[in-house]
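S.K.: Just a sequence and a predicted model for now, questions to come.
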Amino acid sequence: MQSLEQIKVRIEQAVPGACVVIVANDALPTQSSLLLDHRHAVDVARFLRDDPELCFDYASNVTGVDRPESIIKEKVRVKKMVDGAECLIEEVSERKTRAYLEAVYHLYSMKLKHGPLIIRLQTENREEKTHLPSLTPVWRSCEFQEREAFDLFGILFDGHPDLRRILMWDGFKDFPMRKDYVDPDDYEYEPTPHDEVLERAKQHYKPEVQS
């Protein structure tokens, strides 16, 4: 399989205006990936599928990811004057990351027997701007998996042929896989009860004290 750098260059040549960013990941065995912009994502996906040298004809996995706002602390060295001499002092700096949702696709070529190529799409935020272009029109195997990411994370896939809940019921209001999701405490029944669940149910259904 060609390197990410080579694939990035070929995408930019084949899809004018496409913005492709290599997202590095130094933790083995995790691979680096390609972040695509919304406007050109479907055209890029078609190129990855149809190009005879790449031929990524199968999307094996679509994963939703929740990335809330966070503070990252980093050690930096800064120059400061100490007793009249310039020294390098180690300090801790903080930076705030933006909050967004993400869809991650793992692509393989069944014809050429290579992969995976990992591509990413990111929403503008976690609140009202959670739209991403659906890649189901390019890879049909994304259909149920994008529905799952919609159901559990709240990602709205524009252009999906049948975007509706797949695990939770229609009236369910929240997104259970988000990191700030709060479990309900009004469980009425569990086939295999757990002590923690039973205790929360007891607290929820605690009888009112009669005066």
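M.R.: In hand now; what should we look at? Residues are numbered from 1 along each chain as shown.
S.K.: Got the phi and psi for Leu35?
M.R.: phi -90, psi 130 (degrees, to the nearest 10).
S.K.: I misspoke; the intended subject was Glu146.
M.R.: With angles defined as degrees, to the nearest 10, Glu146 sits at phi -70, psi -40.
S.K.: tell me the pLDDT at it?
M.R.: We have a pLDDT of 98 for Glu146.
S.K.: where does this protein dip in pLDDT?
M.R.: For the chain, the stretches flagged by pLDDT under 70 are 26-30, 185-193, 207-211.
S.K.: ok, now with 90
M.R.: Within the chain, the stretches with pLDDT under 90 are 1, 24-31, 70-97, 170-173, 182-211.
S.K.: So which residues of it form helices?
M.R.: With DSSP state H applied, the chain shows helices at 4-14, 41-50, 142-153, 195-204, listed in chain order.
S.K.: Turn the ones you listed into JSON lines, columns for distance to Met168 and mean neighbour count.
M.R.: Where C-beta positions appear, they are placed from N, C-alpha and C, glycine not excepted. Below are the helices of the chain laid out as JSON lines (distance: least, Cβ to Cβ, whole Å; neighbours: other Cβ atoms under 10 Å):
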{"stretch": "helix 4-14", "distance to Met168": "36", "mean neighbour count": "16"}
{"stretch": "helix 41-50", "distance to Met168": "26", "mean neighbour count": "20"}
{"stretch": "helix 142-153", "distance to Met168": "6", "mean neighbour count": "21"}
{"stretch": "helix 195-204", "distance to Met168": "18", "mean neighbour count": "12"}
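S.K.: So for Ile72, which of those helices sits nearest?
M.R.: helix 142-153 (22.1 Å; Cβ to Cβ).
S.K.: what's the angle from that closest one to helix 41-50?
M.R.: 140 degrees (axes from the mean of the first three to the mean of the last three Cα atoms, to 10 degrees).
S.K.: what packs against helix 142-153?
M.R.: If you count contacts as 3 or more Cβ pairs under 8 Å, 6 or more residues apart in numbering; DSSP states H and E, helix 142-153 packs onto strand 58-67, strand 100-109, strand 156-158.
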